[in-house]
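1. how does the following fold in three dimensions:
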Amino acid sequence: MNGLQGYTLPFSPTGNSSLVPPPPWHFSGDVLMVEYRTDPEAVKAFLPEGLEPGEDPGRAAAIFGDWQSATDDGSELLDPVRSQYKEFYVALSCTWQGKPMVRSPFCWVDRDFSLVRGLIQGYPKKLGSIWITKQFAVGRATPGLAPGERFAGTLAAGDRRLVEARITLENPAEAPALASDPLVHTRHFPAWDRSEPDLTELVTGGSEDLRIDNVWRGEAELEFFDSPHEELSLLAPVEILAGYRFSFAETITGGRLLARNGR
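-> Next comes the predicted model:
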């Protein structure tokens, strides 16, 4: 590279211009999650070779996250534009060689560094507009963490609203499995030289120091909307199970290869 450096493009003499720094990546945030059931056949259609539907084959979740991320030196925390972003993704219950896993077929974020970081991991991220009810310590313009308090999240992309979710808290609870089971992703990089094959990897792991606190459970509403350019509505809910609001933290250090190019 003639002295050029960087973890991701753009490369430069110092590497400071890279859009994404190397891991470890630390994450802290608040999450709204609606567990639901969708058509099991739709779930199966979104699972790549090697993954099988979970014990409850139509179980899924719609997950909104309000995140702050940082590397080891924490410099991003003193320049928040480099660290804060919002996210929405769908989680599907599945298994790999009999072990419970989670597959995300769709994901949207509102910042470019999160999008590229996700593509490195294999998250199918796209850009969108995500809004989530925030919770503050004081005042009347915030819900509390108590029975009857209400939270909501919305997703829009391509000038169209795609998701609306609302949760009414009822009681403290245990964290749902779809919030902590390992994610399994597809890293896919099309070959630019047509004489070479595409690179396709099935990967998982890389999460350390996972912590889920202040979990509240309650009733939920969830609606997916049709769009001419998105297929999210194929995984629309047929039954709402429960809503959750909790705090989440983890560190991503890398991943583990499960299969490459179908092998």
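
2. which strands or helices does the helix or strand hosting L202 pack on?
-> Under the criterion of DSSP states H and E, L202 resides in strand 199-204. With contacts defined as 3 or more CB pairs under 8 Å, 6 or more residues apart in numbering; DSSP states H and E, the packing partners of strand 199-204 are strand 184-189, strand 256-260. For glycine as for every other residue, the C-beta is placed from the backbone atoms N, C-alpha and C.

3. distance from the shortest one to the middle of the chain?
-> For strand 256-260, the distance from its own C-alpha centre to the chain's C-alpha centre is 20 Å (CA atoms, centre = their mean, to the nearest Å).

4. circling back: what sits up against the strand holding L202?
-> 48, 50-51, 96, 101, 121-122, 182-189, 191, 255-262 (CB atoms under 8 Å, 6 or more residues apart in numbering).

5. mind giving me the packing neighbours of the helix or strand that it is followed by?
-> The helix or strand immediately downstream of strand 199-204 is strand 207-224, counting by DSSP H and E. Contacts defined by 3+ CB pairs under 8 Å, 6+ apart place strand 207-224 against strand 25-37, strand 160-172, strand 239-252.

6. quickly compare those and say which is most buried.
-> Counting by mean count of other CB atoms under 10 Å, strand 25-37 has the highest mean neighbour count of those, with a mean of 21.

7. tell me how far that strand is from the chain's mean position?
-> Counting by CA atoms, centre = their mean, strand 25-37 comes out at 7 Å from the chain centroid.

8. just the CA atoms of that strand, as CSV, please.
-> The C-alpha trace of strand 25-37 is given here as CSV (Å, rounded to 0.1, in the frame of the first residue of the first chain):
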residue,chain,number,x,y,z
TRP,A,25,-16.1,-1.9,19.4
HIS,A,26,-18.0,-1.2,22.6
PHE,A,27,-21.7,-0.5,22.6
SER,A,28,-24.1,0.9,25.2
GLY,A,29,-27.8,1.7,24.6
ASP,A,30,-31.5,1.4,25.2
VAL,A,31,-33.6,-1.1,23.3
LEU,A,32,-37.3,-1.4,22.5
MET,A,33,-38.2,-4.9,21.3
VAL,A,34,-41.5,-6.5,20.3
GLU,A,35,-41.5,-10.3,20.2
TYR,A,36,-44.0,-11.7,17.7
ARG,A,37,-44.9,-14.7,15.5
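
9. ok, P176 - contacts?
-> Counted by CB under 8 Å, 6+ apart, P176 has contacts 33, 35, 61, 242, 244.

10. just give me the closest of these to I167.
-> Y244 (7.3 Å; CB to CB).

11. beta partners for the closest one?
-> M33, R217 (DSSP bridges).

12. how close does it get to P53?
-> The gap separating Y244 from P53 is 22 Å, by CB to CB, to the nearest Å.

13. quick check: A191 touching N261?
-> No. Using CB atoms under 8 Å as the test, A191 is too far from N261 to be in contact (10.9 Å).

14. can you list residues touching both of these two?
-> 197-199.

15. ok, those residues vs P23, which is closest?
-> So of the shared contacts of A191 and N261, ranked by how close each gets to P23 (CB to CB), first place is L199, at 19.5 Å.
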